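S.K.: Here is the input, now give the coordinates:
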Amino acid sequence: MHNFGMDILALSETHWAGPGKRNLDKRYTILHNGGKIKEVAGVAIMLSKTTSTALTNRTPVDERTFTARFADVDTKSAWSIIKKVYNRTVAASFGHAKRPKDQWLSETTWNLIGECCNLKLLLLRGDVNNETVLKNQMSIDLDTQVKRRTRIDKTSHLDKKTAMADEATKLGDYRVA
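M.R.: Below is the predicted model:
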């Protein structure tokens, strides 16, 4: 278990009678559950020392099944550690440096998005009349313009990224793009 970095190992076809606990090497604990006689095959789990200290409850269900409950770990710190390990592994494996996200929407597009939001707010607040119908049509037109500008900005951004990748390939630096 130690060589493979495992904390829990499931065992089947064990021949210990009834439920029980055995210590092995001071590093591992075996929890088992079997029939009333040794000849009936049962099941067991082998736990590392740290995992066995987190065990809070073990309940035999039948000779081939038992449940084990473990103390809850702090998930935020666990995920923090997992993310750090993955980031280090990715950086070492692929050479990617963490860099800020590219802003690919232009100022013109952001301004159109702002106008569209303001117009929709006016529509939500306004009374139903002829002016509302006109504003509704303006809103639809603005939505169309925003979508068109976004497609143009995205295409432009991807063209720049492609040019950067081509340049990096010519230089032999595969980490730039």
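S.K.: Give me the domain ranges for the protein.
M.R.: Described in terms of automatic domain parsing, the domain architecture of the chain consists of the residue ranges 8-70, 98-171.
S.K.: Out of those, which is the most enclosed?
M.R.: When you average the neighbours per residue for each of the domains of the chain (mean count of other CB atoms under 10 Å), domain 8-70 leads with a mean of 15. (Each C-beta comes from the backbone N, C-alpha and C, glycine too.)
S.K.: tell me how far the ends of that domain are from each other?
M.R.: Its first and final residues considered, domain 8-70 spans 12 Å by CA to CA, to the nearest Å.
S.K.: Just the mean pLDDT for that domain, thanks.
M.R.: Mean pLDDT, taken over the full extent of domain 8-70, equals 81.
S.K.: same deal with stretch 166-177?
M.R.: pLDDT averaged over stretch 166-177 equals 75, rounded to a whole number.
S.K.: Next: stretch 115-126.
M.R.: Computed over stretch 115-126, the average pLDDT equals 78.
S.K.: packing partners for whichever strand or helix holds residue 153?
M.R.: Following DSSP states H and E, one finds residue 153 within helix 130-171. Secondary-structure packing of helix 130-171 (3 or more CB pairs under 8 Å, 6 or more residues apart in numbering; DSSP states H and E): helix 107-125.
S.K.: Can you dump the C-alpha atoms of the helix it packs on in PDB for me?
M.R.: In PDB, the C-alpha atoms belonging to helix 107-125 read as follows (Å, rounded to 0.1, in the frame of the first residue of the first chain):
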ATOM      1  CA  GLU A 107     -14.200  48.600 -26.000                       C
ATOM      2  CA  THR A 108     -16.800  49.100 -28.700                       C
ATOM      3  CA  THR A 109     -18.400  45.800 -27.800                       C
ATOM      4  CA  TRP A 110     -18.300  46.600 -24.100                       C
ATOM      5  CA  ASN A 111     -20.000  49.900 -24.800                       C
ATOM      6  CA  LEU A 112     -22.700  48.200 -26.900                       C
ATOM      7  CA  ILE A 113     -23.300  45.700 -24.100                       C
ATOM      8  CA  GLY A 114     -23.700  48.700 -21.700                       C
ATOM      9  CA  GLU A 115     -26.200  50.400 -24.000                       C
ATOM     10  CA  CYS A 116     -28.100  47.100 -24.300                       C
ATOM     11  CA  CYS A 117     -28.300  46.700 -20.500                       C
ATOM     12  CA  ASN A 118     -29.500  50.300 -20.000                       C
ATOM     13  CA  LEU A 119     -32.200  49.900 -22.700                       C
ATOM     14  CA  LYS A 120     -33.500  46.700 -21.200                       C
ATOM     15  CA  LEU A 121     -33.700  48.400 -17.800                       C
ATOM     16  CA  LEU A 122     -35.800  51.200 -19.400                       C
ATOM     17  CA  LEU A 123     -38.000  48.600 -20.900                       C
ATOM     18  CA  LEU A 124     -38.500  46.800 -17.600                       C
ATOM     19  CA  ARG A 125     -39.400  50.100 -15.900                       C
END
